[in-house]
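Novice: My questions concern the predicted model and sequence given below.
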Amino acid sequence: MKKATLSLAIATALTTPLMAEADTVLYGEAKVSVDYVDNNRDPDSYWDVVNNGSKLGIYGTEELGGNLSAFYKYDFSVDMTEGGNFSGLNQKFVGLKGGFGAVTLGTQDTPYWKVLNVVDIYHSGKMFDGTVYLGSGVDNRTSTNGALSTLSNSIDYQTPNFNGFSAEALLVLDGRINSAEGFSNGVDIWTLNLKYEQGPYFAGLTYIKLDGDSDVAIPVAEGGGTVDFDADNWGIGLGYRADVWLVGAIYEQGDFTDVNFPRKYITADGNRLATGDDAKSYFITGQYTFGNSTVRAGFGQTDTGIDGEDKIDNYRVGYQYNFSKRTLLWAEYIGRDADTLFYGDQNVVSLGTKVLF
């Protein structure tokens, strides 16, 4: 009898914490591929085993009553090929939500990206460089925060859904960079969107702004001259998803991107590195699913805005085989026809696998 009572006590002690954490979910994905990369610039061509955004995460909620709840998310990068685990700029935030919408603080995906990721249906991490998605480029103005998809030191507000319509705004308040000349002492970056999602239809409009000074001096040790920390982008995204079909399209325009950076940089002798207008980019993609297979294809073009540079053509083709809802294989081709300051021709073949849990 004593042994039975002891066993029951042990069982209760072990299961009670798990029940208390019932609103916490552990999740993750493993994405690794073998890539062949052929460049027209150094390195010329090579093979590589590549991590493609593998991650491990925890998401949890707590009901507080009165239609109010708290929630949090820890999303950690897991490098399955070269180490560096739990680094990277993944989402980590805490927030409150209720009838007013949701407010979150931390490192978060931006409203800008949440409109333009309507075409993010591929698996290779090389699919969306700065020639397809202008916000993916990292230059002197964004290196502290990373690309424009996920930003640290941020506060975000999402409205409730009104018959398919919603809006979102995010502010970056990064005191670490305020000591650097050119950045704001308050809001360093701000971005917002307006979205419509109803059934298979999606439409979104978004804007992002780097709220800094113009003609900021660069130390001589870093090349000298001045650079413009006053920049912005805007974009639109359209999508349609049915049972077997998906079609998506995006358009971006602005100077908050690396492909347009040369016209914002003035050398020590007072001349601009390049002249021109805002960069412009579009990308259209689609997919069709039959049985366990999915095929995808996309095309886009980027005008860097720099006088004298040719437009960049981007080609994407992909095949996916689903073993289950959690495990798949992919074969993808990334093609780029370019001859600009930052980008040249490139051909990539990526063969990989993805497992979710």
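Specialist: Alright, I've got the coordinates. Numbering: from 1, shown residues only.
Novice: Using the neighbour-count criterion, name the buried positions in stretch 238-257.
Specialist: Residues 238-241, 246-257 are the ones in stretch 238-257 that count as buried (16 or more other Cβ atoms under 10 Å). The C-beta positions use only the backbone N, C-alpha and C, and glycine is treated the same way.
Novice: for the longest strand seen in the chain, packing partners?
Specialist: The single longest strand within the chain, with elements called by DSSP state E, is strand 24-39. Identification of packing neighbours for strand 24-39 by 3 or more Cβ pairs under 8 Å, 6 or more residues apart in numbering; DSSP states H and E yields strand 45-51, strand 55-65, strand 344-356.
Novice: Check the buried residues of stretch 238-257 and tell me the two furthest apart.
Specialist: Greatest spacing in the buried residues of stretch 238-257, by Cβ to Cβ: R241 and D255 (32.1 Å).
Novice: Mind listing the strands the longest strand of the chain pairs with, and their directions?
Specialist: Paired neighbours of strand 24-39 in the sheet (DSSP bridges): strand 45-51 (antiparallel), strand 55-65 (antiparallel), strand 344-356 (antiparallel).
Novice: buried set for that strand?
Specialist: Those would be E29, A30, K31, V32, S33, D35, V37, N39, for strand 24-39 by 16+ other Cβ under 10 Å.
Novice: Equivalent analysis for stretch 303-317, please.
Specialist: For stretch 303-317, the neighbour count (16+ other Cβ under 10 Å) marks D303, T304, G305, I306, E309, I312, N314, R316, V317 as buried.
Novice: what stretches of the protein score poorly on pLDDT?
Specialist: Scanning the chain for pLDDT under 70 picks out 1-22, 42, 137-146, 175-184, 219-223.
Novice: can you tell me which residue is nearest the centre of it?
Specialist: For the chain, the residue nearest the mean C-alpha position is S149 (3.4 Å; Cα atoms, centre = their mean).
Novice: Distance check, the nearest residue to that one once chain neighbours are set aside against T191.
Specialist: With Cβ to Cβ, 6 or more residues apart in numbering as the criterion, S149 has its nearest non-adjacent residue at 4.1 Å, and that residue is W113. Distance, W113 to T191, by Cβ to Cβ, to the nearest Å: 9 Å.
Novice: which neighbours do those two share?
Specialist: L148 (Cβ atoms under 8 Å, 6 or more residues apart in numbering).
Novice: State the separation between stretch 54-70 and the centre of the chain it belongs to.
Specialist: 22 Å (Cα atoms, centre = their mean, to the nearest Å).
Novice: Name the surrounding residues that touch it.
Specialist: Outside stretch 54-70, the residues that touch it by Cβ under 8 Å, 6+ apart are 21, 23-32, 71-80, 90, 94-99.
Novice: Buried residues, that stretch. List them.
Specialist: In stretch 54-70, counting by 16+ other Cβ under 10 Å, buried: S54, K55, L56, G57, I58, G60, S69.
Novice: List the contacts of stretch 98-108.
Specialist: Against stretch 98-108 from outside (Cβ under 8 Å, 6+ apart): 66-69, 89-97, 150-160, 170.
Novice: How about it, which residues are buried there?
Specialist: A102, T104, G106, T107, Q108.
Novice: same check, this time on stretch 70-84
Specialist: In stretch 70-84, counting by 16+ other Cβ under 10 Å, buried: F71, Y72, K73, Y74, D75, F76, S77, V78, D79.
Novice: now do stretch 340-349
Specialist: T340, F342, Y343, Q346, N347, V348, V349.
Novice: what does stretch 293-303 give?
Specialist: Here stretch 293-303 shows T294, R296, G298, G300, Q301, T302, D303 as buried, counting by 16+ other Cβ under 10 Å.
Novice: starting at the chain centroid, how far to that stretch?
Specialist: Distance, stretch centre to chain centre, for stretch 293-303: 18 Å (Cα atoms, centre = their mean).
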